[in-house]
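Q: please work out how this folds:
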Amino acid sequence: MRSRPTSRWIGLFLCALLLVAFAVRFGVTLGLRDIHQADSRISDAREFNAIALNLASGRGYAVVPGHPTSFRAPGFPLFLAAIYRISYENYVLVYLALSMVGAVTCLLTYGVARQLLSEGQARLAGCLAAVYLPHVYSSAVWMSEVLFALCIALGLWLLLRALRNSSVWLLAAAGACMGYAALTRPIALLFPVFLAPALFRAAGPNWGRLIRTTVPFGLAALAVVLPWSLRNYTVYHRLVLIATNGGSTFYGANNDITLHNRAYLGSWIATSYLPGRNLIEAAPDEVSHDQVEWTLGKQWVSTHVASLPILEVYKLARFWLPDTQSGNRKFVLMQFVAYVPMGLLMGLGLAVLLRPLRWAASPEWLAVHAILAANLASTLVFYGSARFRDSITPVLMIYATVGLTELAGWLGFRIGQSDSRPAKSDLAQTFSGKPKPGC
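A: Sure, this is the predicted structure:
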(Lines give C-alpha, C1' and ligand atoms only; values in the text may rest on other atoms or scores of the structure.)
Protein backbone atom coordinates (compact mmCIF):
# COMPACT_ATOMS: atom_id res chain seq x y z
CA MET A 1 0.00 0.00 0.00
CA ARG A 2 2.95 2.33 0.66
CA SER A 3 4.81 1.68 -2.60
CA ARG A 4 2.56 3.83 -4.81
CA PRO A 5 2.63 7.04 -2.76
CA THR A 6 6.34 6.54 -2.13
CA SER A 7 7.02 6.24 -5.86
CA ARG A 8 4.84 9.27 -6.54
CA TRP A 9 6.66 11.41 -3.99
CA ILE A 10 10.04 10.29 -5.31
CA GLY A 11 8.93 11.28 -8.80
CA LEU A 12 7.82 14.70 -7.55
CA PHE A 13 11.13 15.17 -5.75
CA LEU A 14 13.11 14.30 -8.87
CA CYS A 15 11.09 16.72 -10.99
CA ALA A 16 11.63 19.46 -8.42
CA LEU A 17 15.33 18.64 -8.21
CA LEU A 18 15.70 18.85 -11.99
CA LEU A 19 13.86 22.17 -12.20
CA VAL A 20 15.73 23.77 -9.31
CA ALA A 21 19.14 22.54 -10.51
CA PHE A 22 18.43 23.84 -14.01
CA ALA A 23 17.13 27.18 -12.75
CA VAL A 24 20.17 27.71 -10.53
CA ARG A 25 22.58 26.92 -13.38
CA PHE A 26 20.87 28.98 -16.02
CA GLY A 27 20.37 31.84 -13.58
CA VAL A 28 24.10 31.90 -12.82
CA THR A 29 24.83 31.74 -16.56
CA LEU A 30 22.55 34.74 -17.21
CA GLY A 31 24.37 36.66 -14.50
CA LEU A 32 27.84 35.87 -15.86
CA ARG A 33 27.51 35.61 -19.65
CA ASP A 34 26.00 37.24 -22.68
CA ILE A 35 24.13 34.13 -23.79
CA HIS A 36 23.99 35.40 -27.38
CA GLN A 37 27.76 35.12 -27.65
CA ALA A 38 30.02 32.08 -27.51
CA ASP A 39 32.29 31.67 -24.50
CA SER A 40 35.69 32.76 -25.82
CA ARG A 41 37.59 33.74 -22.68
CA ILE A 42 40.20 30.98 -22.90
CA SER A 43 41.76 29.03 -25.75
CA ASP A 44 40.11 25.72 -24.78
CA ALA A 45 36.61 27.19 -25.19
CA ARG A 46 37.50 29.01 -28.42
CA GLU A 47 38.96 25.90 -30.02
CA PHE A 48 36.14 23.63 -28.85
CA ASN A 49 33.65 26.02 -30.46
CA ALA A 50 35.64 26.42 -33.69
CA ILE A 51 35.88 22.63 -34.09
CA ALA A 52 32.15 22.22 -33.40
CA LEU A 53 31.21 24.86 -35.97
CA ASN A 54 33.43 23.24 -38.59
CA LEU A 55 31.98 19.81 -37.83
CA ALA A 56 28.41 21.07 -38.06
CA SER A 57 29.11 22.77 -41.39
CA GLY A 58 30.81 19.70 -42.86
CA ARG A 59 34.37 21.09 -42.82
CA GLY A 60 35.78 18.33 -40.66
CA TYR A 61 37.34 18.08 -37.22
CA ALA A 62 39.56 21.13 -37.41
CA VAL A 63 40.11 24.46 -35.72
CA VAL A 64 41.11 25.90 -39.10
CA PRO A 65 39.31 24.29 -42.08
CA GLY A 66 41.63 22.12 -44.12
CA HIS A 67 43.93 21.34 -41.17
CA PRO A 68 42.59 18.25 -39.35
CA THR A 69 43.53 18.10 -35.69
CA SER A 70 43.47 15.73 -32.74
CA PHE A 71 44.83 18.19 -30.21
CA ARG A 72 41.47 18.49 -28.47
CA ALA A 73 39.58 15.39 -27.32
CA PRO A 74 36.42 15.07 -29.44
CA GLY A 75 33.73 14.42 -26.82
CA PHE A 76 32.76 18.01 -26.04
CA PRO A 77 33.09 19.39 -29.61
CA LEU A 78 30.86 16.55 -30.85
CA PHE A 79 28.28 17.55 -28.24
CA LEU A 80 28.39 21.18 -29.39
CA ALA A 81 28.27 20.14 -33.05
CA ALA A 82 25.10 18.13 -32.40
CA ILE A 83 23.47 21.29 -31.05
CA TYR A 84 24.67 23.34 -34.04
CA ARG A 85 23.15 20.77 -36.38
CA ILE A 86 19.83 21.67 -34.79
CA SER A 87 20.42 25.42 -34.99
CA TYR A 88 23.74 26.70 -36.31
CA GLU A 89 25.55 29.14 -33.99
CA ASN A 90 22.57 29.16 -31.62
CA TYR A 91 24.54 30.05 -28.51
CA VAL A 92 21.45 30.43 -26.35
CA LEU A 93 20.62 26.80 -27.08
CA VAL A 94 24.15 25.78 -26.08
CA TYR A 95 23.88 27.54 -22.71
CA LEU A 96 20.47 25.97 -22.13
CA ALA A 97 21.87 22.54 -22.99
CA LEU A 98 24.83 22.95 -20.65
CA SER A 99 22.50 23.94 -17.82
CA MET A 100 20.35 20.90 -18.53
CA VAL A 101 23.42 18.63 -18.60
CA GLY A 102 24.37 19.91 -15.16
CA ALA A 103 20.82 19.45 -13.86
CA VAL A 104 20.54 15.88 -15.16
CA THR A 105 23.87 15.14 -13.47
CA CYS A 106 22.22 16.08 -10.17
CA LEU A 107 19.46 13.53 -10.84
CA LEU A 108 22.04 10.89 -11.59
CA THR A 109 23.90 11.80 -8.40
CA TYR A 110 20.71 10.91 -6.57
CA GLY A 111 20.54 7.67 -8.56
CA VAL A 112 24.13 6.68 -7.74
CA ALA A 113 23.66 7.52 -4.07
CA ARG A 114 20.44 5.49 -3.95
CA GLN A 115 22.39 2.36 -4.88
CA LEU A 116 24.53 2.88 -1.77
CA LEU A 117 22.59 4.86 0.82
CA SER A 118 19.06 5.37 2.08
CA GLU A 119 16.37 7.30 0.23
CA GLY A 120 16.79 10.35 2.43
CA GLN A 121 20.55 10.36 2.04
CA ALA A 122 20.24 9.97 -1.73
CA ARG A 123 17.94 12.98 -1.85
CA LEU A 124 20.46 14.93 0.19
CA ALA A 125 23.24 13.98 -2.26
CA GLY A 126 21.13 15.22 -5.18
CA CYS A 127 20.34 18.49 -3.40
CA LEU A 128 24.00 19.06 -2.52
CA ALA A 129 24.92 18.56 -6.17
CA ALA A 130 22.20 21.03 -7.23
CA VAL A 131 23.68 23.85 -5.15
CA TYR A 132 27.39 22.93 -5.25
CA LEU A 133 28.63 26.17 -6.75
CA PRO A 134 31.76 24.89 -8.55
CA HIS A 135 29.59 22.42 -10.45
CA VAL A 136 26.95 25.09 -11.06
CA TYR A 137 29.65 27.31 -12.55
CA SER A 138 30.78 24.55 -14.93
CA SER A 139 27.51 24.97 -16.85
CA ALA A 140 28.45 28.58 -17.59
CA VAL A 141 31.77 27.78 -19.27
CA TRP A 142 32.42 25.94 -22.52
CA MET A 143 34.70 23.33 -21.06
CA SER A 144 34.46 19.56 -21.08
CA GLU A 145 34.08 19.07 -17.31
CA VAL A 146 30.29 19.47 -17.17
CA LEU A 147 29.80 16.80 -19.86
CA PHE A 148 32.44 14.61 -18.26
CA ALA A 149 30.57 14.72 -14.94
CA LEU A 150 27.39 13.58 -16.70
CA CYS A 151 29.22 10.64 -18.31
CA ILE A 152 30.71 9.65 -14.95
CA ALA A 153 27.37 9.84 -13.16
CA LEU A 154 25.51 7.87 -15.83
CA GLY A 155 28.27 5.28 -16.22
CA LEU A 156 28.61 4.78 -12.48
CA TRP A 157 24.84 4.49 -11.97
CA LEU A 158 24.59 1.86 -14.72
CA LEU A 159 27.61 0.00 -13.35
CA LEU A 160 26.25 -0.13 -9.82
CA ARG A 161 22.92 -1.46 -11.06
CA ALA A 162 24.76 -4.00 -13.21
CA LEU A 163 26.79 -5.22 -10.23
CA ARG A 164 23.59 -5.75 -8.30
CA ASN A 165 21.61 -7.36 -11.13
CA SER A 166 24.41 -9.19 -12.99
CA SER A 167 23.16 -7.61 -16.22
CA VAL A 168 25.44 -7.89 -19.24
CA TRP A 169 23.52 -5.14 -21.04
CA LEU A 170 23.88 -2.73 -18.14
CA LEU A 171 27.59 -3.51 -17.98
CA ALA A 172 27.93 -2.78 -21.70
CA ALA A 173 26.00 0.49 -21.32
CA ALA A 174 28.23 1.48 -18.39
CA GLY A 175 31.32 0.71 -20.46
CA ALA A 176 30.02 2.82 -23.34
CA CYS A 177 29.49 5.77 -20.98
CA MET A 178 33.02 5.41 -19.66
CA GLY A 179 34.28 5.23 -23.23
CA TYR A 180 32.61 8.52 -24.09
CA ALA A 181 33.98 9.97 -20.87
CA ALA A 182 37.44 9.08 -22.22
CA LEU A 183 36.65 10.89 -25.47
CA THR A 184 35.66 13.89 -23.35
CA ARG A 185 38.64 13.77 -20.99
CA PRO A 186 41.26 11.12 -21.83
CA ILE A 187 42.11 10.49 -18.18
CA ALA A 188 38.99 8.30 -18.17
CA LEU A 189 41.15 5.71 -19.95
CA LEU A 190 42.32 4.93 -16.41
CA PHE A 191 38.81 4.08 -15.24
CA PRO A 192 38.68 0.47 -16.51
CA VAL A 193 42.00 -0.18 -14.74
CA PHE A 194 40.88 1.32 -11.44
CA LEU A 195 37.42 -0.24 -11.70
CA ALA A 196 38.93 -3.71 -12.16
CA PRO A 197 39.02 -4.50 -8.39
CA ALA A 198 35.30 -3.73 -8.14
CA LEU A 199 34.54 -5.99 -11.11
CA PHE A 200 36.78 -8.77 -9.78
CA ARG A 201 35.22 -8.55 -6.32
CA ALA A 202 31.73 -8.70 -7.82
CA ALA A 203 32.63 -11.76 -9.88
CA GLY A 204 34.31 -13.62 -7.02
CA PRO A 205 36.35 -16.75 -7.74
CA ASN A 206 34.03 -17.76 -10.60
CA TRP A 207 36.06 -17.34 -13.82
CA GLY A 208 32.99 -17.57 -16.03
CA ARG A 209 31.29 -14.78 -14.13
CA LEU A 210 34.51 -12.77 -14.19
CA ILE A 211 34.55 -12.95 -17.99
CA ARG A 212 30.86 -12.05 -18.22
CA THR A 213 31.52 -9.07 -15.94
CA THR A 214 34.69 -7.61 -17.42
CA VAL A 215 34.42 -8.38 -21.14
CA PRO A 216 31.13 -6.54 -21.91
CA PHE A 217 32.30 -3.52 -19.95
CA GLY A 218 35.72 -3.39 -21.60
CA LEU A 219 34.52 -4.12 -25.13
CA ALA A 220 31.81 -1.46 -24.95
CA ALA A 221 34.31 1.17 -23.80
CA LEU A 222 36.70 0.13 -26.56
CA ALA A 223 33.93 0.21 -29.17
CA VAL A 224 33.31 3.89 -28.38
CA VAL A 225 36.98 4.93 -28.41
CA LEU A 226 38.27 2.80 -31.29
CA PRO A 227 36.50 4.59 -34.19
CA TRP A 228 38.15 7.84 -33.17
CA SER A 229 41.54 6.12 -32.90
CA LEU A 230 41.05 4.76 -36.43
CA ARG A 231 40.19 8.25 -37.66
CA ASN A 232 43.42 9.54 -36.14
CA TYR A 233 45.39 6.77 -37.84
CA THR A 234 43.96 7.68 -41.22
CA VAL A 235 44.98 11.31 -40.65
CA TYR A 236 48.47 10.80 -39.20
CA HIS A 237 49.31 7.20 -40.16
CA ARG A 238 50.42 6.76 -36.56
CA LEU A 239 48.66 5.56 -33.44
CA VAL A 240 46.91 8.39 -31.58
CA LEU A 241 44.43 6.85 -29.21
CA ILE A 242 42.48 10.06 -28.47
CA ALA A 243 44.37 13.36 -28.38
CA THR A 244 47.78 14.85 -29.05
CA ASN A 245 47.89 17.23 -26.10
CA GLY A 246 49.23 14.76 -23.55
CA GLY A 247 52.83 15.81 -24.06
CA SER A 248 52.15 19.53 -23.63
CA THR A 249 50.14 18.77 -20.50
CA PHE A 250 52.84 16.51 -19.06
CA TYR A 251 55.78 18.80 -19.78
CA GLY A 252 53.76 21.89 -18.82
CA ALA A 253 53.08 20.29 -15.44
CA ASN A 254 56.54 18.92 -14.68
CA ASN A 255 59.16 21.64 -14.95
CA ASP A 256 61.14 24.17 -12.90
CA ILE A 257 58.36 26.76 -12.95
CA THR A 258 55.68 24.48 -11.49
CA LEU A 259 58.23 23.35 -8.91
CA HIS A 260 59.55 26.76 -7.81
CA ASN A 261 57.29 29.61 -8.98
CA ARG A 262 54.73 30.33 -6.26
CA ALA A 263 51.99 31.26 -8.73
CA TYR A 264 52.29 27.95 -10.58
CA LEU A 265 53.20 25.44 -7.87
CA GLY A 266 51.65 22.08 -8.81
CA SER A 267 49.83 23.68 -11.74
CA TRP A 268 50.52 23.98 -15.48
CA ILE A 269 52.21 26.46 -17.78
CA ALA A 270 52.34 26.58 -21.57
CA THR A 271 55.41 24.92 -23.03
CA SER A 272 56.20 28.11 -24.93
CA TYR A 273 57.67 29.37 -21.64
CA LEU A 274 59.84 26.28 -21.11
CA PRO A 275 63.25 25.18 -22.37
CA GLY A 276 63.31 23.25 -25.63
CA ARG A 277 60.60 25.21 -27.38
CA ASN A 278 62.75 25.39 -30.52
CA LEU A 279 62.76 21.58 -30.65
CA ILE A 280 58.97 21.49 -30.31
CA GLU A 281 58.42 24.03 -33.08
CA ALA A 282 60.85 22.21 -35.35
CA ALA A 283 58.71 19.07 -35.18
CA PRO A 284 56.97 18.57 -38.55
CA ASP A 285 53.44 17.78 -37.37
CA GLU A 286 51.05 17.65 -34.44
CA VAL A 287 51.94 14.12 -33.39
CA SER A 288 55.67 14.88 -33.50
CA HIS A 289 55.08 17.99 -31.38
CA ASP A 290 53.39 15.81 -28.81
CA GLN A 291 56.22 13.26 -28.81
CA VAL A 292 58.90 15.94 -28.36
CA GLU A 293 57.00 17.42 -25.41
CA TRP A 294 56.67 13.99 -23.83
CA THR A 295 60.41 13.48 -24.26
CA LEU A 296 61.26 16.84 -22.69
CA GLY A 297 58.91 16.19 -19.79
CA LYS A 298 60.39 12.75 -19.13
CA GLN A 299 63.90 14.16 -19.27
CA TRP A 300 63.02 16.76 -16.65
CA VAL A 301 61.43 14.14 -14.39
CA SER A 302 64.44 11.83 -14.69
CA THR A 303 66.79 14.62 -13.61
CA HIS A 304 64.61 15.88 -10.73
CA VAL A 305 63.66 12.66 -8.98
CA ALA A 306 64.52 14.08 -5.56
CA SER A 307 62.14 17.01 -6.13
CA LEU A 308 59.18 14.92 -7.24
CA PRO A 309 57.69 14.28 -3.75
CA ILE A 310 57.26 17.99 -3.04
CA LEU A 311 55.92 18.59 -6.56
CA GLU A 312 53.34 15.85 -6.01
CA VAL A 313 52.31 17.50 -2.74
CA TYR A 314 51.77 20.76 -4.63
CA LYS A 315 49.66 18.94 -7.23
CA LEU A 316 47.45 17.29 -4.62
CA ALA A 317 47.05 20.62 -2.83
CA ARG A 318 45.90 22.22 -6.10
CA PHE A 319 43.42 19.37 -6.54
CA TRP A 320 41.83 19.70 -3.09
CA LEU A 321 42.09 23.42 -2.33
CA PRO A 322 39.71 26.12 -3.65
CA ASP A 323 40.48 27.59 -7.05
CA THR A 324 42.69 30.63 -6.41
CA GLN A 325 44.27 31.05 -9.85
CA SER A 326 41.71 33.52 -11.17
CA GLY A 327 42.70 37.18 -11.16
CA ASN A 328 39.13 38.03 -10.12
CA ARG A 329 39.18 38.37 -6.33
CA LYS A 330 35.40 38.11 -6.08
CA PHE A 331 35.51 34.80 -7.96
CA VAL A 332 38.26 33.49 -5.66
CA LEU A 333 36.27 34.53 -2.59
CA MET A 334 33.15 32.91 -4.01
CA GLN A 335 35.05 29.68 -4.66
CA PHE A 336 36.48 29.71 -1.14
CA VAL A 337 33.15 30.32 0.59
CA ALA A 338 31.27 27.82 -1.60
CA TYR A 339 33.85 25.04 -1.56
CA VAL A 340 35.46 24.96 1.91
CA PRO A 341 32.38 23.74 3.88
CA MET A 342 31.68 21.09 1.23
CA GLY A 343 35.35 20.14 1.10
CA LEU A 344 35.38 19.54 4.85
CA LEU A 345 32.31 17.34 4.55
CA MET A 346 33.96 15.39 1.69
CA GLY A 347 37.04 14.88 3.82
CA LEU A 348 34.98 13.68 6.76
CA GLY A 349 33.03 11.32 4.52
CA LEU A 350 36.23 9.87 3.10
CA ALA A 351 37.61 9.40 6.61
CA VAL A 352 34.46 7.48 7.58
CA LEU A 353 34.51 5.31 4.46
CA LEU A 354 38.23 4.58 4.55
CA ARG A 355 38.23 3.18 8.05
CA PRO A 356 39.95 -0.24 8.15
CA LEU A 357 38.19 -2.73 5.88
CA ARG A 358 35.08 -0.60 5.40
CA TRP A 359 36.32 0.82 2.11
CA ALA A 360 36.32 -2.70 0.66
CA ALA A 361 32.95 -3.66 2.08
CA SER A 362 31.36 -4.06 -1.35
CA PRO A 363 32.09 -3.87 -5.08
CA GLU A 364 29.76 -0.86 -5.23
CA TRP A 365 31.87 1.23 -2.87
CA LEU A 366 35.05 0.07 -4.59
CA ALA A 367 33.63 1.41 -7.86
CA VAL A 368 32.90 4.80 -6.28
CA HIS A 369 36.40 5.04 -4.80
CA ALA A 370 37.92 3.99 -8.13
CA ILE A 371 36.67 7.18 -9.81
CA LEU A 372 38.41 9.35 -7.22
CA ALA A 373 41.55 7.18 -7.26
CA ALA A 374 41.86 7.46 -11.05
CA ASN A 375 41.56 11.25 -10.90
CA LEU A 376 44.18 11.44 -8.15
CA ALA A 377 46.51 9.25 -10.21
CA SER A 378 46.06 11.58 -13.18
CA THR A 379 46.78 14.54 -10.91
CA LEU A 380 50.06 13.01 -9.77
CA VAL A 381 51.16 12.38 -13.35
CA PHE A 382 49.98 15.68 -14.79
CA TYR A 383 48.82 18.56 -12.57
CA GLY A 384 46.30 19.53 -9.94
CA SER A 385 43.25 21.67 -10.64
CA ALA A 386 39.95 22.38 -8.94
CA ARG A 387 38.34 21.87 -12.37
CA PHE A 388 39.48 18.26 -12.43
CA ARG A 389 38.27 17.68 -8.88
CA ASP A 390 34.82 19.09 -9.59
CA SER A 391 34.50 17.06 -12.78
CA ILE A 392 33.67 14.11 -10.49
CA THR A 393 31.04 16.04 -8.54
CA PRO A 394 28.64 13.04 -8.30
CA VAL A 395 31.25 11.07 -6.34
CA LEU A 396 32.22 14.06 -4.21
CA MET A 397 28.60 14.69 -3.23
CA ILE A 398 28.25 11.12 -2.02
CA TYR A 399 31.29 11.62 0.18
CA ALA A 400 29.85 14.92 1.42
CA THR A 401 26.55 13.20 2.24
CA VAL A 402 28.35 10.55 4.28
CA GLY A 403 30.28 13.30 6.07
CA LEU A 404 27.14 15.31 6.79
CA THR A 405 25.41 12.17 8.10
CA GLU A 406 28.32 11.53 10.45
CA LEU A 407 28.41 15.14 11.61
CA ALA A 408 24.66 15.14 12.23
CA GLY A 409 25.07 11.96 14.29
CA TRP A 410 27.61 13.67 16.50
CA LEU A 411 25.11 16.49 17.07
CA GLY A 412 22.28 14.08 17.89
CA PHE A 413 20.38 14.34 14.59
CA ARG A 414 19.47 11.64 12.11
CA ILE A 415 19.72 12.13 8.35
CA GLY A 416 18.32 9.90 5.68
CA GLN A 417 15.45 8.23 7.48
CA SER A 418 12.63 10.00 5.63
CA ASP A 419 11.56 6.80 3.90
CA SER A 420 9.29 4.19 5.50
CA ARG A 421 12.06 1.69 6.20
CA PRO A 422 13.50 1.27 9.70
CA ALA A 423 16.50 3.35 10.68
CA LYS A 424 19.94 1.73 10.76
CA SER A 425 21.71 2.67 13.95
CA ASP A 426 25.06 1.14 13.03
CA LEU A 427 27.11 3.39 10.76
CA ALA A 428 28.98 0.39 9.42
CA GLN A 429 25.68 -1.03 8.20
CA THR A 430 24.57 2.29 6.78
CA PHE A 431 27.68 2.57 4.63
CA SER A 432 28.27 -1.10 3.97
CA GLY A 433 27.15 -0.74 0.38
CA LYS A 434 24.46 -3.42 0.74
CA PRO A 435 21.44 -2.57 -1.43
CA LYS A 436 18.41 -1.23 0.37
CA PRO A 437 15.06 -2.97 -0.16
CA GLY A 438 12.76 -1.27 -2.58
CA CYS A 439 15.50 0.56 -4.54
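
Q: what about the helices in the stretch 151-300 of the chain?
A: Applying DSSP state H, counting those that start in this stretch to the stretch 151-300 of the chain gives helices spanning 168-184, 191-203, 207-236, 246-253, 256-260, 277-282, 286-303.

Q: quick one, the longest one and helix 168-184 angle?
A: What it means is helix 207-236. Here helix 207-236 runs at an angle of 30 degrees relative to helix 168-184 (axes from the mean of the first three to the mean of the last three Cα atoms, to 10 degrees).

Q: give the buried residues for helix 207-236.
A: The neighbour-count check on helix 207-236 (16 or more other Cβ atoms under 10 Å) flags 213-214, 216-218, 220-221, 224-225, 228, 232, 235-236 as buried. C-beta here means a position set from N, CA and C on the backbone, and glycine is covered the same way.

Q: would you mark the buried spots in stretch 321-332?
A: Across stretch 321-332, burial judged by 16+ other Cβ under 10 Å covers L321, P322, D323, Q325.

Q: typo on my end, it should be stretch 84-96
A: Buried, per 16+ other Cβ under 10 Å, within stretch 84-96: Y84, Y91, V94, Y95, L96.

Q: equivalent analysis for stretch 189-207, please.
A: In stretch 189-207, counting by 16+ other Cβ under 10 Å, buried: L189, L190, F191, P192, F194, L195, P197, A198, L199, R201, A202, A203.

Q: could you dump those residues into a markdown table and include pLDDT?
A: As requested, the buried residues of stretch 189-207 are exported to a markdown table (pLDDT from 0 to 100):
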| residue | pLDDT |
| --- | --- |
| L189 | 94 |
| L190 | 94 |
| F191 | 94 |
| P192 | 90 |
| F194 | 95 |
| L195 | 94 |
| P197 | 90 |
| A198 | 91 |
| L199 | 91 |
| R201 | 88 |
| A202 | 87 |
| A203 | 85 |
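
Q: what does the strand or helix carrying G343 contact?
A: In this structure, G343 sits in helix 329-353 according to DSSP states H and E. Helix 329-353 is contacted by residues 128, 132-134, 320, 322-324, 326, 358-359, 365, 369, 386, 396, 398-404, 406-407, 427, 431 when judged by Cβ atoms under 8 Å, 6 or more residues apart in numbering.

Q: which of those count as buried?
A: When the contacts of helix 329-353 are checked for burial by 16+ other Cβ under 10 Å, the buried set is 128, 132-134, 320, 322-323, 358-359, 365, 369, 386, 396, 398-404, 406-407, 431.

Q: isn't V146 right up against Y137?
A: No: contact criterion Cβ atoms under 8 Å: V146 and Y137 do not qualify, at 9.3 Å.

Q: between those two, which one's more packed in?
A: Neighbour count, other Cβ atoms under 10 Å: between V146 and Y137, V146 has more, with 28 against 23.

Q: in helices, which of the buried residues of stretch 84-96 appear?
A: If you go by DSSP state H, the buried residues of stretch 84-96 have Y84, Y91, V94, Y95, L96 in helices.

Q: pLDDT at the first one, what is it?
A: The pLDDT attached to Y84 in the predicted structure is 97.

Q: was I right to think it contacts A50?
A: No: under the criterion of Cβ under 8 Å, Y84 makes no contact with A50, lying 11.5 Å away.

Q: JSON lines for the buried residues of stretch 321-332, including secondary structure, distance to T69 and pLDDT?
A: Below are these laid out as JSON lines (DSSP: H, G, I helix; E, B strand; the rest coil; distance: Cβ to Cβ, whole Å; pLDDT from 0 to 100):
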{"residue": "L321", "secondary structure": "coil", "distance to T69": "33", "pLDDT": "91"}
{"residue": "P322", "secondary structure": "coil", "distance to T69": "33", "pLDDT": "89"}
{"residue": "D323", "secondary structure": "coil", "distance to T69": "28", "pLDDT": "83"}
{"residue": "Q325", "secondary structure": "coil", "distance to T69": "26", "pLDDT": "73"}
